[in-house]
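Student: Take a look and give me a structure for this.
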Amino acid sequence: MALTLYFHPLASFCWKPLIALYENATPFTPVIVDLMDPQSAAAFKAVWPMAKFPVLRDEARGCTVAESTVVIEYLDAFYPGATRLIPKDPDAAWRARMWDRFHDEYLQKPMQKIVTDRLRPEDRRDPLGVEEARAQLIEAYALLEMEMAAKRWAVGDEFTLADCSAAPALFYANTVEPLGGRKSLSAYLDRLMDRASFARVLAEAEPYFSMFPLERKPERVRAAGGSG
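Tutor: Numbering: from 1, shown residues only. Predicted coordinates:
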C-alpha cells in the first residue's frame, strides 16, 4: 500500500488520523511504534528524526507528513473519500480548523499535563500546574457545553476534522476531569463513541488501556460498530 501510518494505539493524537483513515476506509499499512524498543525507535527515527507520532508516509508521492492535523488535511486533499473532513464551504472550513485547534490546545494539552505529571517522581511533580490544567479543562467544558447545545457535530451537521480531534480529546479528558452533568457535551461524546470510525479506534486501543498511568482507566462503554 502507498500509505503507512506510524503511531501507537494508546496515543491520543494518533487517534485523530486513524479516525480519518477509518472514516473513508482509506487503505494503509499500520506500523505501531514502541519508543522504548531500540529497534522500533531507530526504524521510526529513520522515517521522522523528531520521533513524534503520528507520521504518515506516502510512498506514491514521496512525502512524509507529520502532525495529526496536517495528516488529516493531507488525506483530505490527496486521498479524499465520501466524508470530506475539510468542508468545501469556506465558513465551515475555518470553523473546522478553529475547533480542531481548540480541542488540541484546551483539551488535549491540559489532559496530557495531568497524565504526564503522574509519570514523574513524586518529589518532582507539579501540583500547581495540574491545578491550572484542571481549571483550563473546566473552562473549555463550559464553552463546549454551550456550543454543542444545538449542534450534532462540531461545526454543524457534517462530521469534520474538528470531530476527529474532539473524539480523543474528550474521551481522555473525561478520564482525568469527568464531564459531570454537562448534558450536551456528554451527548456529543456519546455520538462520537457511536461513530463507526471512532468505535474501531477505541476497540483497537482497549488492550492498551491498562498502561494508562492513572487510577481512573479509560473505559470502553459502547460496542464497536455504531453508524453515527
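Student: Let me have whatever helix or strand V70 lives in in CSV, keeping just the CA atoms, if that works.
Tutor: Using DSSP states H and E, V70 maps to helix 68-78. Only the C-alpha atoms of helix 68-78 are listed here, as CSV (Å, rounded to 0.1, in the frame of the first residue of the first chain):
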residue,chain,number,x,y,z
SER,A,68,-2.0,14.9,13.3
THR,A,69,-4.0,17.9,11.8
VAL,A,70,-1.6,18.1,8.9
VAL,A,71,-2.0,14.4,8.2
ILE,A,72,-5.8,14.8,8.0
GLU,A,73,-5.5,17.8,5.8
TYR,A,74,-3.2,15.8,3.5
LEU,A,75,-5.5,12.8,3.4
ASP,A,76,-8.4,15.1,2.6
ALA,A,77,-6.5,16.7,-0.2
PHE,A,78,-4.8,13.7,-1.9
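Student: so what secondary structure elements neighbour that helix?
Tutor: Judged by 3 or more CB pairs under 8 Å, 6 or more residues apart in numbering; DSSP states H and E, helix 68-78 is in contact with helix 12-23, strand 55-58, strand 63-66, helix 90-103, helix 161-176. The way it works is simple: take the backbone N, C-alpha and C, and place the C-beta from them, glycine included.
Student: Let me see the contact set for the nearest residue to Y106 once chain neighbours are set aside.
Tutor: What sits nearest to Y106 in space, not counting adjacent residues and going by CB to CB, 6 or more residues apart in numbering, is A140, at 4.0 Å. Taking CB atoms under 8 Å, 6 or more residues apart in numbering, we find A140 in contact with 102, 106-107, 110.
Student: Quick one: mark the members of those that sit in helices.
Tutor: Secondary structure from DSSP state H places 102, 110 of these in helices.
Student: which one of the contacts of A140 is nearest E215?
Tutor: P110 (18.5 Å; CB to CB).
Student: What angle do helix 12-23 and the helix holding V70 make with each other?
Tutor: 20 degrees (axes from the mean of the first three to the mean of the last three CA atoms, to 10 degrees).
Student: For helix 68-78, what is the distance to the chain centroid?
Tutor: 14 Å (CA atoms, centre = their mean, to the nearest Å).
Student: Ok, stretch 194-206 next?
Tutor: 11 Å.
Student: Could you do stretch 173-183 as well?
Tutor: Computed by CA atoms, centre = their mean, the chain-centroid distance of stretch 173-183 equals 17 Å.
Student: who touches it?
Tutor: If you take CB under 8 Å, 6+ apart as the criterion, stretch 173-183 is touched by 107-108, 110-111, 114-115, 134, 137-138, 141-142, 144-145, 170, 185-186, 189, 212, 214, 216-219.
Student: Many thanks, we can stop here.
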